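In: need coordinates for the below:
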Amino acid sequence: MKNLSIVVILIFAIITVSCNSEKSKTNKKTDQVVSPSDTLTKHLKPFNPELPTIGLLMFNGVLQGEVIATSDVFGKVDKEGKQLFNVVTIAETAKPITTEEGMHFVPDYTFDNCPKLTALFVPSAYDMYTQVHNDKIVDFIKTKNQETQYTVSNCAGANLIGKSGIADGHKIVTWIGGGEQLQKDYPNLKVQNDSLVTFIKDGKFLSSNGNLASYISALELLEIMTNIEHRKFVESYLYLDQLKNWEK
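Out: So this is what the prediction gives:
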């Protein structure tokens with residue numbers, strides 16, 4: 001009986017040590033998971049209601065470069081590291097949208113809770129039929145145009161501007177090869193020759209051919225809203241000179 005008691009005690013001791021060892025390993029792994037190094041927060045730019053707000057409209061099938069170009073330009077701080085703008089994305093719902101290129105973008109706001117905008121950028125998709133026939137998108141553009149100081153379209157985003165009627169009587173340009181059809185669809189627009197005109201401003205309305213030319217519309221508006229010095233600073237930040245001077 002005495003030997004049996006000793007065996008039981010030894011077994012209990014082995015089990016206890018083993019459990020404590022596993023618990024120690026588990027705690028160590030947990031500590032590693034819940035205590036990652038955080039390098040993101042210092043780069044976040046909080047929404048400041050005192051700053052001008054740049055709104056980037058998004059929808060499924062959007063050409064992501066036309067969203068990125070504007071955020072790339074207006075998201076830069078000045079030489080002193082000061083934030084100059086709020087840059088926000090807006091979509092019909094809070095669900096992630098899927099770009100033409102297959103990336104998933106999560107909007108900051110929806111049509112229902114979008115803050116007051118200083119400028120609204122309207123991008124494009126390869127097939128604008130769905131967007132042009134979406135009354136919620138068209139009505140959002142109409143409503144926001146009543147408060148914006150500037151409304152910008154890139155590429156086939158001009159179709160949404162035309163559908164909304166907000167720029168009737170104003171000059172506008174669209175993607176290269178799309179001007180003739182745009183003029184037929186929206187005869188009240190003054191559609192420019194897209195093979196000759198890359199960017200144009202008429203009153204509060206700005207437009208470009210889109211794609212990389214979306215950087216032009218963003219930079220032109222940036223200069224209007226700040227000054228030529230800040231534009232040059234942002235251009236240097238983007239290495240645009242290297243791009244312009246690059247040869248294969």
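In: over to the spatially most central residue of the chain: give its phi and psi.
Out: Nearest to the geometric centre of the chain sits residue 67, at 4.5 Å (C-alpha atoms, centre = their mean). Per-residue torsions, residue 67: phi -80, psi -40 (degrees, to the nearest 10).
In: and what of residue 201?
Out: Taking degrees, to the nearest 10, you get phi -120, psi 130 for the backbone angles of residue 201.
In: can you map out the strands along the chain?
Out: 53-57, 86-91, 97-98, 104-105, 109-110, 119-122, 150-154, 171-172, 190-191, 199-202, 205-208 (DSSP state E).
In: if we can go back for a sec, pretty sure the residue nearest to the centre of the chain contacts residue 88?
Out: No. Using C-beta atoms under 8 Å, residue 67 is not in contact with residue 88, being 11.3 Å away. For every residue, glycine as well, the C-beta is placed using N, CA and C.
In: gap between residue 209 and residue 176?
Out: Distance, residue 209 to residue 176, by C-beta to C-beta, to the nearest Å: 6 Å.
In: so, low pLDDT: which residues of the protein?
Out: Regions of the chain meeting the criterion pLDDT under 70 cover residues 1-43, 248.
In: if we go to 80?
Out: 1-45, 247-248 (pLDDT under 80).
In: the protein: helices as residue ranges?
Out: 2-34, 64-74, 129-132, 135-145, 157-164, 179-185, 214-225, 228-237, 240-245 (DSSP state H).
In: with distance to residue 131 and mean neighbour count added, can I get the strands of the chain in TSV?
Out: Listed next are these as TSV, based on distance: least, C-beta to C-beta, whole Å; neighbours: other C-beta atoms under 10 Å:
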stretch	distance to residue 131	mean neighbour count
strand 53-57	9	26
strand 86-91	11	21
strand 97-98	12	18
strand 104-105	15	14
strand 109-110	16	15
strand 119-122	9	26
strand 150-154	12	27
strand 171-172	16	21
strand 190-191	19	19
strand 199-202	22	17
strand 205-208	16	27
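In: figure out which of those is closest to residue 45.
Out: strand 86-91 (7.6 Å; C-beta to C-beta).
In: my guess is residue 205 contacts residue 157, does it?
Out: No. Contact between residue 205 and residue 157 fails when scored by C-beta under 8 Å: they sit 11.4 Å apart.
In: now do the contacts for residue 91.
Out: 57-59, 97, 107, 110-111 (C-beta atoms under 8 Å, 6 or more residues apart in numbering).
In: leaving out sequence neighbours, find the closest residue to it.
Out: Leaving aside its chain neighbours, residue 91 sits nearest to residue 107 (3.8 Å; criterion: C-beta to C-beta, 6 or more residues apart in numbering).
In: separation between that neighbour and residue 129?
Out: Distance from residue 107 to residue 129, by C-beta to C-beta: 22 Å.
In: got any residues that touch both of residue 209 and residue 176?
Out: Common neighbours of residue 209 and residue 176 (criterion: C-beta under 8 Å, 6+ apart): residue 194.
In: with neighbour numbers in mind, choose between these two.
Out: Applying other C-beta atoms under 10 Å to residue 209 and residue 176 shows that residue 209 carries more neighbours, namely 24 against 17.
In: now for that one: which residues touch it?
Out: Residue 209 makes contacts with 154-155, 173-176, 194, 198-199, as judged by C-beta under 8 Å, 6+ apart.
In: ok, now how distant is it from residue 63?
Out: Distance, residue 209 to residue 63, using C-beta to C-beta: 12 Å.
In: what do you get for residue 241?
Out: 25 Å.
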